[in-house]
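Novice: Here you go, sequence then predicted model.
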Amino acid sequence: MIAKTDRPPAERLVLTADEQRAADERAVALGVPRVDLMESAGRSATEWILDRMAPDRVVIVVGSGGNGGDGLVVARRLIDAGIDVEALLVAGPDRLSGAPLAMLDRLRDAGGRVRSVADAVDGAVDATLSRANVVVDALFGSGLSRPLAGRYRDVVERVNAGDARVVSLDLPSGLASDRGAPIGVSVRADVTLAMAFLKPAHLLFPARGLCGNVAVVAVDYPPEALVGIEAWARVPDRAGIADRLPARSPTGHKGTFGRVLVVAGSVGMTGAAILCARAVLRAGAGLVTLAAPASVNPILEAALPEAITLPLPDEDGCLASCDDDRFARALDSADVLAIGPGLGRAEATAGVVRTVVPQFGGPIVLDADGIVAFRDHVDALAGIGDRTLLTPHPGELGQLIGRGGDEIDADRVEAARAFARTCGLTLLLKGRPTAIALPDGVVWLNPTGNTGLATGGSGDVLTGLVAGFVAGGASLGDAAILSAYVHGWAAEVYARDRAERSLLPSDLADLFSTVLREVETWG
């Protein structure tokens, strides 16, 4: 049995259907009967429902597999708690065997009411569903691979048409575990209770939107059941985020907390440079130097008095050369380089980026136009991968590897994983969900954020946040995971009492002081 502690877990594993099946088989091989796994899953789900749903009359729609067995356990335990429960056996009793059949027998022994939906879905089923204030969806779990049809589809459509709150066990029935695109009609859940592990469909859109609020409930897997299983991805929990926040010495000074050189901005894009540098400061960096074309320097000085500005040679408002002694000294003294936001795509500017980045000896956060500068020079990134973090959106990553942005977005986890492994670098692929791929192929998915982030400039803020945390002592991987979470959490904090659509990137930077104080309390 997995040990329980007062401290929440630092991460959640995301398993594919095959990985989930392997964990189940390993647990059984280690001596845990399937009925015991099912009993623990149903017990945890029941406790969650009783604690948070205020069930009065519950209908549980039941399939023939393990998910149906979990639902039968929930039915029996709700009856034990004094709740009025009826189970709709959509599969038919002759379809059950093994552990699910054992759970059906236990439910009947406990006096549970079971209605078989053996053929057509009729008015009696409609009447049963209409009397419930909670419907538990236990038709199909992570093993489904084809669209629902026949009476299964009919029942799902009636569940969706009802007024009861819907709790899906493991996955809303009709979703394929490993896909973001629905494969047909699916339950629209208010809550999904993931059994021990998250699944890709809990995080990938549009399937994510059908899951409602997702909570992970415990199942009594022995820890050894996961040995040798490479999780498809991981999701940080609050404890893991707090652990990644760099500590601050009470005797520290501006040198202690890191010196960041931001190379950003051009005519018409000074906002990107300002937003990035402000976020670096809000992350706690000790000293920020903002290098930009000389023609925009007066704007930057007026907008950001907390930063040192460094005007550089420009042409038509864009960086034209890095041949400047002051720039060389700034590079030598910086602990972290953040380069790219709003630089523009002039060839001379791209040449500056390709010259400066390999020469800098410390951690590098490469964003936006800085990434595109390597469009035909990807091999150069591989040589500096161990100290480089890229923060592209799908279109920018697509330009590096010759694929369309939509194609990247459709398989964002594997695209990020493959590029990070190939170049030996850290990659933060922006979007929903943001994917952070490490050089060893481990991928973290960020669970926070909302539509307020879908506006120009929010990525510049994210780049600055990453650079600031690296300056404070975080590794590139930890800074990426932490920054994505804090960035998204700030958007959620904003939306507590304001419309998501009204969020400005500058609001994010201003909220970081509040959000980081919350994170400090999670540790």
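Specialist: Nice, thanks for sending it over.
Novice: In three-state terms, label the residue lying closest to A110 once chain neighbours are set aside for me.
Specialist: In space, not counting the residues next to it along the chain, A110 is nearest to R76; the distance is 5.0 Å by Cβ to Cβ, 6 or more residues apart in numbering. Any C-beta I mention is one placed from the backbone N, CA and C, and that applies to glycine too. Each residue gets one of three states, and R76 gets helix by DSSP: H, G, I helix; E, B strand; the rest coil.
Novice: Hmm, P311 and L290 touching each other?
Specialist: No. Under the criterion of Cβ atoms under 8 Å, L290 is not in contact with P311, lying 9.8 Å apart.
Novice: Pick out whichever of the two has more residues nearby.
Specialist: Using other Cβ atoms under 10 Å, the more surrounded residue of L290 and P311 is L290, with 29 against 19.
Novice: now could you export just the CA positions of the helix or strand hosting the more buried one as CSV?
Specialist: Assessed by DSSP states H and E, L290 sits inside strand 287-293. Once side chains and other backbone atoms are set aside, the C-alpha atoms of strand 287-293 remain, and they are given as CSV (Å, rounded to 0.1, in the frame of the first residue of the first chain):
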residue,chain,number,x,y,z
LEU,A,287,20.3,43.3,-11.2
VAL,A,288,18.7,43.6,-14.7
THR,A,289,20.4,45.2,-17.7
LEU,A,290,18.2,45.7,-20.8
ALA,A,291,20.1,45.9,-24.0
ALA,A,292,18.2,47.2,-27.0
PRO,A,293,18.5,49.3,-30.2
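Novice: Need the contact partners of the following helix or strand past it.
Specialist: Where DSSP H and E defines the elements, the next helix or strand beyond strand 287-293 is helix 297-303. Residues from elsewhere that reach helix 297-303 (Cβ atoms under 8 Å, 6 or more residues apart in numbering): 265, 270, 273-274, 290, 292, 307, 309, 311.
Novice: Can you dump the C-alpha atoms of helix 297-303 in CSV for me?
Specialist: Once non-C-alpha atoms are left out, helix 297-303 reads as follows in CSV (Å, rounded to 0.1, in the frame of the first residue of the first chain):
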residue,chain,number,x,y,z
ASN,A,297,16.4,53.5,-25.5
PRO,A,298,14.7,56.7,-24.3
ILE,A,299,11.4,54.8,-24.2
LEU,A,300,12.9,52.0,-22.2
GLU,A,301,14.6,54.3,-19.7
ALA,A,302,11.3,56.1,-19.1
ALA,A,303,9.2,53.0,-18.7
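Novice: Would you mind listing the buried residues in the helix or strand following that helix?
Specialist: The C-terminal neighbour of helix 297-303 among helices and strands, as given by DSSP H and E, is strand 308-312. Within strand 308-312, the residues that qualify as buried by neighbour count (16 or more other Cβ atoms under 10 Å) are 309-312.
Novice: Is D409 in contact with R432, as I believe?
Specialist: No. Taking Cβ under 8 Å as the contact criterion, D409 and R432 are not neighbours in contact, 9.2 Å apart.
Novice: Make TSV from the buried residues of strand 308-312 and add pLDDT and distance to G405 to it.
Specialist: Formatted as TSV, the entries for the buried residues of strand 308-312 read as follows, by pLDDT from 0 to 100; distance: Cβ to Cβ, whole Å:
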residue	pLDDT	distance to G405
T309	97	34
L310	97	33
P311	97	34
L312	96	31
